[in-house]
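Novice: Sequence first, then the predicted structure:
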Amino acid sequence: MISWSHAQIDSARIAGTVSDATGAVISNPAITIKDEKTGQERKVVGDERGYYVISNLAPSTYTIRAQGSGLGPADYAQIPLSVGQERTLNIVLQPASVATEVTVSGGDLTVIDTSSAAIGSNINSREVATLPLNGRQLSQLYLLAPGAQTAGGGSFDNIRFSGRANQENAVRFDGVEASSIIDASPGNLNGEISTGFRLQNSLETVSEFRVDSSNYPAEFGTGTAGQISVVSKSGSNDYHGGLFEYLRNSSLDARNFFDGANKTPLRLNQFGGSVGGPIKKDKLFFFIAQESLKQRAGLNLIGTVPSASARARAVASVQPLLAGYPAGTPTSNPDLDLAQRAASSSIDEYFGSFRLDHHINDKFTQYIRYNRDQGYLTQPLDVTGSNQIVTGVPQNVVYTLQQVYNATIINETKFGFNGNKTRINGVTPAIPGVDTSAFNVSFTGTVAIPGIGGQGASAGAASLGNLVRSNSSQNGRGQPYTNYTLSLIDNLSVIKKEHAMKFGFEFRPVRLYTDRQGGTTYTYPNITALLANQPTSIQVLGDTSAPDPWNNNATGNRFLKQYYLIFYAQDEWKVRPNLTINYGLRYEYYHPLTEDRNLSVFFNADTGKLACGTTPGCDLPNTTPWYHSSNLNFGPRLGISWTPGKLHNKTVFRVGGGYYYGPGQTEDQVQPIDSDRATRTLTTNIAWPIIPSQILAGYDVNSPTLGYQPRAYGNGYRLPEKVLSYTASIQQELPGNAVLTVAYVGSQGRNLFLRSWTNGIVGVTTNAATGAGAAILQFGSRFAQIDYKTSGGTDHYDSLQTTLNRRFGKGLTAGLQWTYGHSIGNTGGSNEAQTTQNPFNFGQDRGNNAFDVRQSVNVSVLYQLPVNPKMKAANFLVGGWEVGGIYNARTGLPIDVTVSRPDIVYQINGTNQYVQAPIVTGGVVQTTAVIDNPYGGAFRSNRRPSVVSGVDPFLHTGDKRYFLNPAAFTFPQPGQFGNLGRYALHGPGLSQLDFTAHKKFAIDEKRNFEFRAEFYNILNRANFANSPAVLATGLGTASNQLQPGQPYTSAIAGAAFGVFNSTVSKDVGLGAQRQIQFSLRFNF
C-alpha cells in the first residue's frame, strides 16, 4: 500500500460533478475522501458548478462521501485508483431522507481517459503479482503498453516504444530517475554490454506502474520515448507480508533447438520475502523486502574456426595462435569448421529494500525508500573459452515531503539518489607460447567485438582473447564505472475552478568516475589473411589512468560531470464537463559533459584539430567544449479530449501533439575520455605477435607516423535530439467494463544521433619492390582513420495502435495491444545509428531503422475459475484456481547485410582481375594497388554488398536453420558503394505463449499458502535470433573466390553467413525454449 506522498507523475486524481436526482448541479458540495488502507482523509469543496477535483492521490482504494445542503449524503466505496490515472466519478445526491451507498464496479480498474491525449497503459498490482514473467523482471510488463516492442529476452535494454530508441526511455522509481547513468537502461554495464541482472527493482516491492508511450503531458520528459513510472509498496494499517521461492530446473524443460545430445542445464532459484504494516496506526508505516537470485545456466555457443587443413597451411609464425581455436566439424568452406562449446553462466544477485512512511499531520506527509541490488555474473563469450566477469551494484534512494497547504494547493519536494557501480573484466584460457594477458584476435575484418543492437552484427566467427567490448571501435580489459545522479525535484499542484495546474522543476547533477583499461586487438580481414599472418590493423591501447602523453603525463581515473535543468508548467482545463484541454510547456537543458581536471582529448572530425594539454602537439586548449548543447529546448504540449454527451459519456475523441527532447545515451558523450591515453593503430608491415610495451615506448605525440586513433565528434555535434509527436485516438467503453482504444501515432525525429568516420583515404601509393599499397590519409599518418559521432539525423514513424483492456482486481482481467507501424530514416537515433556508408552523404543511408518492427501483438489474461465445490475437501483442492497467460508476437527485426571489404585491393595488370594481396613474380610486381572502399572505413565494418537482380535473398529449404541466400549478393566494384539498402531485409518473427495457474490454500482469514505453476513458451516454438549477416571478402582468382559482380556461394560467403545459430534467448527470458517454473509462497 502506498501513502499519500508521491511524485505527481506517480499519483492519481478523482474528478467529477455532484448533482441531485433531477440532474441539477449542487453548488459547493463538500467531499471527503479516505484511503481505505491507511485511514488518511482529505476534504475538498467543489465549485459553484458542482465540479470537484481531488489530486495527488497515491494508487490505492478509496471511499468518497459527498454532501450538499438539504440533501442526504452519498458514500462511494472501493474506488480503485492506478498510478497516473484520472478517474471520473459523477455523484448523485438524493433527498435528505435517503442515504446512498455505492460499491464502485467491484474492483474495476479500467476507465476511459478524459484528462489528456497521452497514449499509455497502467499495469496494476494484480498483473504485477500474478502474470507469468520469465525471470521475474519488471521490464517484461512494459510489453502490455501500446506501441511497445521487444527484440526478445524482455530485459530493460531491448524494449522500445513507438519507433523511438531505447536510449530515449526514461525509467523512474517513485519519481526518481533509475537509469544505469552511462546508459538509459537499468542493468547495462558500460553502454555496450547488457547483463542478466534482473533485480534492479524486485517485483516484491512494486505496487504497480504506468507506461506512457507517446504524447504525454509536460510533466514528463528527459527522453523522447517511453516514460515508465514505477510505484513501490508501503505499509498500511494491517500487517501483510510473505515468503516465497521460485524454482526452475532444466529436467522439466524442453531441449533448446541448438542443444546437442545433452540438454543444456539450468538451475534457477529466486527466493525472499517482504513484510509491511503499521508502526503507529494511521501515522507511521514500514515495508521491507528482500530477494535473492541464484542461476546456473548452460549455454551452447557456436562459431566458425580454422579447419585442420587450414591450420596445416598456416605460416609458422601464426601456428601458436591457431592452437587457441578449438576443433570443429567440416562445413562447405574447406578452411572453416563449425565449433560448439557447452558452457555455463552463473548469476548471483541480492536485492534489498525498505520504505518508511510518516503521516505527520493532515498537512504534511513524508516517506523515504531505499533499494540496493548486488549482482555477480560469469558469462561465457565465445567457443574459444573466453568469459566475462561482472559485478554490478545499483542503488536508488528517494525522500519525499508532501505539503497540503489547503484543498487546492499541494506541493511535493523530492530528494533522490541513483547510483550504479559496475566492474567488468575478461578472462581466457592459457595458450602455450602466447601472452593472453590483454589481447583479442578477429578474422572477420571487424575491430570491435559485436555488441548491443544497432551497432553491427556478428559474423559468427570465433574470437580469441580476454578483451571485452569497450565501444564501437575499441576493446579493452575492462571499463570500471562508479556513477551517480542526485535529484532535487519540486512539484506544485494548484486547482482553481475548472483549471488543474501543475508547476515543477528538477535539478539533476550527473557524476561518472571511470578508467579505460586497454589491450591489443589484431584484426584480420578473413581466414586466408589469418593463415598468412597478414592483419589489416593492430590496435594498441594503453590505460587512461596510466601516465597520459596528451595531458602532460597526468595519471589517475577520470571524473566526468554534467547537470540537467528542467522546468515545466501545465494546465488541465475542464472547459466543459465533457471537454478537456491539457496544454503545457516543458524546458530542458543538458549541460555538456566535462572532465574535472580537463583531462581529455577532443578531436574535431572536420578540421583535424586536437584539444588537449600537451604542447607542442595540441592545437586547442583542453578547456575546449566537446560538443554543443542547445539552451532553447522549449517543448510545447497540447492534448484535447472530448466526450460527446449523445454517446452517453462512453466515447472519447482525443488529439494531441508536442515537441519532446532527450539527451540520448551518456556513453555517446564520453569520446574524449576514450581518447585520452597512449594509443597506436598500426596498418603497415605488421604481423602477430607484437610487444605492446615496445610499441608505446617513447610515445611521441608529434610523430608524423604515430597512427593515433582518437574517437571524435563532428564540428556541429549538438544535443539534444528533438521529436515532434502527434496522435489522434478514439476510446470507447464496451460492455463488460472493457475499453477499446484505436489510435494513430506518428512522430518525426530531428537532430538525431549519427555515426561516420574521418581521416579517410584520398589516395594510394604502391611499393615498387613489394607491390604493397599504402593509404594516403586526409590528415596524414599521424592519425589513423577515426570514427566520429555527430547529430542532424532524421527519421519518420507512423503507426496504428489498438488496445483493448478489461482490468479488474478479481474475476477476468485481459489486455491486448496491437501495433502496425514503420520506422524509416537515416538513423534510429541515440545509439541506434549504423556508421554511414558515405561520409559525405548521410542521406544515402535512408532506409529502415534498426528496430523497424512492422507488427507486434501482446495479449495478457488472468481469470479466476468459477469452480467452488460445496464439499470443503473438494473446494480446498479444486476451488479458487486462477489461470492466465501472456502471448507475445512480432514480425522480424531488420537485418543489415554487410560485406567485409579491405580498404585497398590489387588489380592484376593486363587481366583487370582483383586480388587481396599483391602479386610479385621474378621480382616484378604484377598488380596495382587501388582503393576498394570509397574513402576507406573498413575498420567500421559498415559496407553493404550489391544485389543480384531477381534472386530471392531468402532460402526455402527443408532445414530451417538456413535463412539468407548468399547468391543474392555480389562483391561491389572497387571504388563503388554496394546498392543494397540499409536494413533492407527482415529476420524471423517471434511468437511465444506463456501460461500460469495458481491457487491460494487458506490457513485462516489472514494466512494462506499460494502454489503457482508457470509454463513459458508452452508450445515450444523455436524463436531464432537473426543470423550472422557478414559476407566474407572472398575476393580473388582461386577456387572458392570471386570477382566483383559475381554472386556469392555459401562456401565463399562463410560457413556462418545466413545460418541461424541461436535462439533469441539462450537461458532465461522471452524467446527461450519451453521452460517450467514452480513456486510456493506463504502470505500473511
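Specialist: Alright, I've got the coordinates.
Novice: From here on, just use CA atoms for contacts and neighbour counts.
Specialist: Noted.
Novice: Could the C-alpha coordinates of stretch 733-748 be exported in CSV?
Specialist: Taking C-alpha atoms only, stretch 733-748 is exported to CSV below (Å, rounded to 0.1, in the frame of the first residue of the first chain):
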residue,chain,number,x,y,z
GLU,A,733,-16.2,1.9,-23.3
LEU,A,734,-17.6,-1.5,-24.2
PRO,A,735,-20.0,-3.9,-22.5
GLY,A,736,-18.4,-5.8,-19.7
ASN,A,737,-16.3,-2.8,-18.5
ALA,A,738,-13.8,-3.1,-21.3
VAL,A,739,-12.2,-0.1,-23.0
LEU,A,740,-11.1,-0.1,-26.7
THR,A,741,-8.7,2.4,-28.0
VAL,A,742,-7.8,2.9,-31.6
ALA,A,743,-5.0,5.4,-32.2
TYR,A,744,-2.8,6.8,-35.0
VAL,A,745,0.6,7.6,-33.5
GLY,A,746,3.2,9.4,-35.6
SER,A,747,6.4,11.2,-35.0
GLN,A,748,9.3,12.9,-36.8
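Novice: what's the average pLDDT for that stretch?
Specialist: Mean per-residue pLDDT for stretch 733-748: 92.
Novice: what sits against T408?
Specialist: Residues near T408 by C-alpha atoms under 8 Å, 6 or more residues apart in numbering: 44, 493-496.
Novice: Mind putting those into TSV with pLDDT?
Specialist: Formatted as TSV, the contacts of T408 follow (pLDDT from 0 to 100):
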residue	pLDDT
V44	87
S493	93
V494	93
I495	90
K496	90
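Novice: Which two among these are spaced furthest apart?
Specialist: With C-alpha to C-alpha as the measure, no two of these lie farther apart than V44 and S493, at 14.1 Å.
Novice: More neighbours: the two, which one.
Specialist: When V44 is set against S493 and neighbours are counted by other C-alpha atoms under 10 Å, the residue ahead is S493, at 22 against 18.
Novice: What is the burial count for the nearest residue to that one once chain neighbours are set aside?
Specialist: Leaving out its chain neighbours, the residue that sits closest to S493 by C-alpha to C-alpha, 6 or more residues apart in numbering is K502, at 4.6 Å. K502: 22 surrounding residues under other C-alpha under 10 Å.
Novice: and if you look at H240?
Specialist: 18.
Novice: Double-check it against P278; I have them as touching.
Specialist: No - using C-alpha atoms under 8 Å, H240 makes no contact with P278, being 9.8 Å away.
Novice: partners of G478 in the sheet?
Specialist: Here G478 sits in beta bridges with Q517, going by DSSP bridges.
Novice: circling back to that earlier point, let me see the contact set for the residue nearest to S493.
Specialist: 219, 491-494, 568-571.
Novice: for the spatially closest residue to L1070 that is not a sequence neighbour, phi and psi?
Specialist: In this structure, L1070 finds its nearest non-sequential neighbour in G153, 4.2 Å apart by C-alpha to C-alpha, 6+ apart. Dihedral angles of G153 (phi, psi; degrees, to the nearest 10) stand at phi 90, psi -50.
Novice: ok, so what distance separates G153 from A712?
Specialist: 33 Å (C-alpha to C-alpha, to the nearest Å).
Novice: So between these two, which is more surrounded?
Specialist: Taking neighbours as other C-alpha under 10 Å, G153 and A712 compare with A712 leading, 29 against 23.
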